[in-house]
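Engineer: model this:
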Amino acid sequence: TEFLTSMMTSDEENMDRIVLEVGEAQANGIEIMRPDINESLKHFTYIDDTHIRFWLKAIKWLWDGPIDAILAARKEKPFADIDDFIKRGGRDILLKKSLEALIYAGAMDVFGDRATLIANIDAMIRASKNEEKKQSSSQIGLFDGGLWKNDFDDSIVLEEAKPLSYEQQLFWEREVLGYMVSGHPLDGLK
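Structural biologist: As a prediction, the model looks like this:
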């Protein structure tokens with residue numbers, strides 16, 4: 001598994017080679033998993049003897065700035081939920097194109113359904129901007145002096161959306177990764 005991880009890392013620019021190496025891994029009982037916001041590194045990631053995680057740099061529309069910001073933000077601990085991701089994510093990650101790419105690739109599946117996340121991108125960006133304003137403001141508000149308890153819940157509430165079909169999820173993965181990591185459209189016909 002470690003050898004195949006290093007082979008795939010060295011061939012990251014050549015998707016034809018990656019497809020061959022993924023097939024080799026699967027033939028040897030090694031599962032290639034989709035990117036994950038909490039586990040993936042910049043390059044292919046060795047998880048254990050039977051799992052390799054797809055790399056973040058494979059995702060189209062995601063360049064080094066957001067990838068480095070993700071790695072730095074989760075350095076001490078993984079993202080617990082979407083609110084934690086928004087609070088610690090920062091401006092580099094929380095751009096519309098970056099969020100779309102992460103969601104399409106399945107990297108944010110730990111936070112919810114892809115269709116729901118896509119439907120709430122604007123709300124996530126607004127929440128990020130509000131969080132940034134709150135952190136950059138050094139003023140103390142009228143009720144921030146400790147005399148009053150702030151009961152306002154500033155967590156984001158995701159509006160549910162109709163779930164995507166299996167084929168649509170695979171199409172999105174192919175769109176941003178160049179490869180369908182979660183499966184194949186003909187899997188149900190075996």
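
Engineer: who's in contact with the least confident helix or strand in the chain by mean pLDDT?
Structural biologist: Between all helices and strands in the chain, the lowest mean by mean pLDDT, DSSP states H and E belongs to helix 121-136, at a mean of 84. Under the criterion C-beta atoms under 8 Å, 6 or more residues apart in numbering, residues 82-83, 86-87, 89-91, 94-96, 99-100, 103, 117, 154, 156, 158-159 lie in contact with helix 121-136. C-betas here are computed from N, CA, C, even on glycine.

Engineer: I'd like the next helix or strand past that helix.
Structural biologist: For helix 121-136, the succeeding helix or strand toward the C-terminus, using DSSP states H and E, is helix 166-177.

Engineer: And the contacts of that next one?
Structural biologist: 34-35, 54, 58-61, 101, 104-106, 114, 164, 179-185, 188.

Engineer: Would you mind listing the buried residues in the least confident helix or strand of the chain?
Structural biologist: For helix 121-136, the neighbour count (16 or more other C-beta atoms under 10 Å) marks I121, M124, A127, S128, E131, E132 as buried.

Engineer: Tell me how far the fifth one lies from M7.
Structural biologist: According to C-beta to C-beta, to the nearest Å, E131 and M7 sit 41 Å apart.

Engineer: quick one: contacts for the spatially most central residue of the chain?
Structural biologist: In the chain, the C-alpha closest to the average C-alpha coordinate belongs to A107, at a distance of 3.0 Å (C-alpha atoms, centre = their mean). Contacts for A107 (C-beta under 8 Å, 6+ apart) come out as R34, P35, D36, I37, S40, L56, I59.

Engineer: now the fourth one, nearest residue through space, not along the chain?
Structural biologist: Once its chain neighbours are removed from consideration, I37 has its nearest residue in A107; the separation is 5.0 Å (C-beta to C-beta, 6 or more residues apart in numbering).

Engineer: which of the residues in whichever strand or helix holds A69 are buried?
Structural biologist: Using DSSP H and E, A69 falls within helix 64-73. Going by neighbour count (16+ other C-beta under 10 Å), the buried part of helix 64-73 is P66, I67, A69, I70, A73.
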